[in-house]
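1. Structure, please.
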Amino acid sequence: MSNYYAQAVSREDMRQLAYLIRKKFGYLDIWSIPVELLLDKMCVEFEDFSYEIIPDDEWDNPSAHADTDVLSGTIRIRESVYLRACNGLGRDRMTIAHEIAHFILICLTDVKLYRSSGKPVPSYQDPEWQAKCLAGELMVPYHKLIKLKNPTAAIIEIFCGVSSDAANYQLKYLRR
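-> Numbering: from 1, shown residues only. Now for the predicted structure:
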């Protein structure tokens, strides 16, 4: 359970935000966002944003592949994760997108975080769900997907450069 909960945000809100992010960074017309280039573009666009690639043997958080320090605006990424993302591995690309989503939601939008009282939090108020949702919407562009006649998870996986799990997850929400 998280020590925090966030202001409520809907999937539709996340979808609109993902569209605006793609538009701002020039990725509106492409299927697969090069997350490593998006990180560099964000460094130029947002003076309070940075990222670090940490060698695996210096990584100090064995339960995470990447993390975001919202106070400093820094995303830290394990070197092996970054390299696999650069080589197109969907899971690692999504890991980086997830951390980008944390930064955007907490540092750039008006989504507020609150200390948790220990009670269960609905998914739409869970900061982890929110980052997962925004990352999914960012990596699998709804505005392009709805134009396909009968998209499949395999098509999404190939077009968007995401894992099979991510493709299936996003497809489930396309059909709702």
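2. any idea how far residue 90 lies from residue 61?
-> Taking C-beta to C-beta, to the nearest Å as the measure, residue 90 falls 22 Å from residue 61. All C-beta spots, glycine's among them, are computed from the backbone N, C-alpha and C.
3. do the same with residue 75
-> Distance of residue 75 to residue 61, computed by C-beta to C-beta: 13 Å.
4. cool, and residue 13?
-> Distance from residue 13 to residue 61, by C-beta to C-beta: 29 Å.
5. Between the two, which is the more surrounded one?
-> In this view residue 13 and residue 61 are compared by other C-beta atoms under 10 Å, and residue 13 has more residues nearby, 17 against 11.
6. is it fair to say that one lies in a helix?
-> Yes. Under DSSP: H, G, I helix; E, B strand; the rest coil, residue 13 sits within a helix.
7. what's the span of stretch 43-63 from first residue to last?
-> 26 Å (C-alpha to C-alpha, to the nearest Å).
8. From one end of stretch 103-110 to the other, what's the distance?
-> 12 Å.
9. buried stuff in that stretch?
-> Within stretch 103-110, the residues that count as buried by 16 or more other C-beta atoms under 10 Å are 103, 104, 105, 106, 107, 108.
10. what's the answer for stretch 56-74, then?
-> 59, 65, 66, 67, 68, 73, 74.
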